[in-house]
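Student: What follows is a predicted structure for the sequence shown.
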Amino acid sequence: MSESPNIDLGTYIERFRPLSDVSPKYHSQLADTLSIKQVNNGDPIIRKSNNPDISHFLIEGSIEIRQSFDHRFSISHDSPQCQFSLESQLEERGSVKATQDCTVLVVNTQKLDGFLESSQEMTMTYLDEEHLSLETETMVDDDFNEDWDDVFIRSPLAENLPSMIIHQLFSQIEDTQVNSGECIVKSHSMGDYFYVIKQGIAEVQTAPKGPFKGITIELTAGNYFGDEALVADTIRNASVTMLTDGVLGRLDVDKFDSLIKQHLVTPVTNDIINNEGDAQVIDVRLPVEYRNNHREGSENIPISALRHQMKNLRQPLLYIVSPANDSRSVLATYLLRQAGFKAYLWSDAV
């Protein structure tokens, strides 16, 4: 792989998503952060130990995407999916190699996120009622409903995701038409999809013996459901039925894992512990399990009580959730992150 000579990189911004979502005001600054690599036929573009701060976009050539030894496929630069990053096509631990001489655009994802966030702020307009003309007032809809994506972006889930990942999520979500009275998920069934309501109203009936004690919850556009069963790989604790006709966006398990779960549920590292300072280990097993064996200094908060105990936790602390490799710890870490806490899975490597 070699550096390419100077090219007007701004010409590629409108070609690829989410680069094209950056405001034109920042195009020249964004172009300054881009680079182009020439990759020879047979050479790797993305290895299994890929740098998460870098994304690659295929300008010319063809590639092989390898998800596993038995699961691999080839695409060329004119394929529709190539308007998105090559990383967005990959499952965890996948790799990409050139099957022709290739030209690749290299993007710093952290800098791109900054430009995307600035662009989002520019699009927010605030109306002062004292300066509305009569003509403007006639254009204001009293029955206005916010777009689903605006509501979703402000959700606890989206606030934990990088802007670039949110754009990938929007591009990969699959729309499905639903009818009033249709049961979307059933309590005690295994999780299969993560859902976002794009249009319509749904009702959640929680399980009487579950964490929400049988209460009924109404969901509208921008609300999401089905995530906890996918995070913990467990059965659903609620049923969801449509109260109106509507449209749902959904992600299957693999896409949910790569776009959402891996960004919210990660093992703690020594660097994180050293940078954050004070830390508290939380053991989310049952009290009887905790009494038999636990890490010194850990606090026992069973997963069933975690939601109710969050009000007693301190935001500045780093929370490390124990035990390692346990579905309850994975779910607890996910719930804590959504609630705004700095939470990571225990790792035996630290």
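Tutor: Right, received. Where do you want to start? Numbers count the residues shown, from 1 in each chain.

Student: From here on, just use CA atoms for contacts and neighbour counts.
Tutor: Will do.

Student: Next up, the contacts around the nearest residue to residue 339 once chain neighbours are set aside.
Tutor: Using Cα to Cα, 6 or more residues apart in numbering and skipping the chain neighbours, the partner closest in space to residue 339 is residue 156 (6.8 Å). Listed by Cα atoms under 8 Å, 6 or more residues apart in numbering, the contact set of residue 156 reads 338-340.

Student: In PyMOL, select just the buried ones from the residues you listed.
Tutor: Restricted to the buried members of the contacts of residue 156, where burial is judged by 16 or more other Cα atoms under 10 Å, the PyMOL selection command reads as follows:
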select buried, resi 338+339
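
Student: which among the contacts of residue 156 gets closest to residue 197?
Tutor: Compare each of the contacts of residue 156 with residue 197 using Cα to Cα and the shortest gap goes to residue 338, at 18.7 Å.

Student: Is that closest one in contact with residue 160, as I believe?
Tutor: Yes - using Cα atoms under 8 Å, residue 338 and residue 160 qualify as a contacting pair, with a distance of 7.1 Å.

Student: Now for residue 294: which residues touch it?
Tutor: When the contact criterion is Cα under 8 Å, 6+ apart, the partners of residue 294 are residue 283.

Student: pretty sure it belongs to a helix, no?
Tutor: No - secondary structure of residue 294 (DSSP: H, G, I helix; E, B strand; the rest coil): coil, not part of a helix.

Student: Quick check on it: phi, psi?
Tutor: Dihedral angles of residue 294 (phi, psi; degrees, to the nearest 10) stand at phi -150, psi 160.

Student: What pLDDT is listed against it?
Tutor: The pLDDT attached to residue 294 in the predicted structure is 89.

Student: Likewise for residue 12?
Tutor: Model confidence at residue 12, expressed as pLDDT, equals 88.

Student: The one 3 residues further on too?
Tutor: Taken from the predicted model, the pLDDT recorded for residue 15 is 89.

Student: Equivalent analysis for residue 309, please.
Tutor: We have a pLDDT of 88 for residue 309.

Student: Please apply the same query to the one 4 residues further on.
Tutor: You'll see residue 313 listed with a pLDDT of 90.

Student: low pLDDT regions in the chain?
Tutor: 1-7, 49-50, 68-70, 91-93, 119-146, 209-212 (pLDDT under 70).

Student: how does it divide up, domain by domain?
Tutor: According to the domain assignment given by automatic domain parsing, the chain is divided into the following structural domains: 2-111, 148-257, 265-345.
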